[in-house]
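*Asks:* quick check, what structure comes out for this input:
(one chain, ligands or ions: 1)
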Amino acid sequence: MAFGKIYSYPGNFRVQRAQVVAAINGLEVEVPGDFQMETTKTPDFLAKFPMGKIPAFEGADGFCIAEGAAIAMYLAGSGPKREQLLGQATDLQTRARITEWICFAETELNPQVLPAFVMCVLKYMPYSEAAYNNANNNLERALKRVEKAVEGGRKFLVGEQLTMADIMVAGPLFFGLGFLIDNKMREVAPGAIKYLDGLAEMPEFKNVFGEIKKCETRVAAP
Ligand SMILES: N[C@@H](CCC(=O)N[C@@H](CS)C(=O)NCC(=O)O)C(=O)O
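*Replies:* Down below sits the predicted model:
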């Protein structure tokens, strides 16, 4: 029996991160392929997920939780690899370091890759050159932070094994590589790109994200 379901549109990196975590923990999590965004505004959905946004997780036991990071962390804590993924319960400093990277992914990466996607790919929002440039500058700064963390060819952000830090950071960066983190931006953080290439080759990621696309030039203004 499945541990639960995640509602989303297909190819959502917030869901893919959760799927990597679920697979590592041996948890079966369904992502129904026929989910429609209109469902997020129905009374039934809003009763379970009051923000009316996806991703949204519904457990087989009835537990419902929203927010991509919270879903991934719930799945990380729900299986035998919890201490590898989140750090040992008694090792507060490792736990704090992993949490630092999770917060970094949610606040320094996700908000920088999404504006260009929404303005230039989906065209849901009017284009703003200032917002586009600001997000790209901040993304470059964040990439340099990752570069620093993997200096000397480190394979993982925290310790010597895959943790939630890597999974949460890889999601938005894999996504951004496809349309925004172009040849020029990749040059400022070659070590970070090598680190991401290493993760992308791991079966844990490959089985969920597939081949990572890398754009030559970033998406242009519409
Ligand atoms: N903070 C949420 C953001 C989720 C989010 O913005 N989801 C979008 C789709 S990518 C959504 O459901 N939008 C519908 C709406 O805004 O009504 C998370 O990290 O999971």
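*Asks:* and stretch 118-132, how far from the chain's centre?
*Replies:* Relative to the chain's own centre, stretch 118-132 is displaced by 21 Å; criterion: CA atoms, centre = their mean, to the nearest Å.
*Asks:* tell me the buried residues in it?
*Replies:* M119, C120, Y132 (16 or more other CB atoms under 10 Å). Glycine gets a C-beta too; all of them are placed from N, C-alpha and C.
*Asks:* what's the separation between the second one and P10?
*Replies:* Okay, so that is C120. Remark: distance between C120 and P10 (CB to CB, to the nearest Å) = 20 Å.
*Asks:* the first one now?
*Replies:* Using CB to CB, M119 is found at 21 Å from P10.
*Asks:* can you give me the end-to-end span of stretch 122-131?
*Replies:* End-to-end span of stretch 122-131 (CA to CA, to the nearest Å): 16 Å.
*Asks:* who are the contact partners of the residue nearest to the spatial centre of the chain?
*Replies:* In the chain, the centroid-proximal residue (CA atoms, centre = their mean) is G171; its distance is 3.1 Å. Taking CB atoms under 8 Å, 6 or more residues apart in numbering, we find G171 in contact with F13, R14, Q16, R17, A105.
*Asks:* and for D166?
*Replies:* Contacts of D166 by CB under 8 Å, 6+ apart are W101, F156, L157, V158, L199.
*Asks:* please repeat the previous calculation with a cut-off of 10 Å.
*Replies:* Residues in contact with D166, defined by CB atoms under 10 Å, 6 or more residues apart in numbering, are 17, 20, 85, 98, 101, 105, 150, 155-158, 195-196, 198-199, 202, 204-205.
*Asks:* buried subset of those?
*Replies:* Buried among the contacts of D166 (16+ other CB under 10 Å): 17, 20, 85, 98, 101, 105, 150, 156-158, 195-196, 198-199, 204-205.
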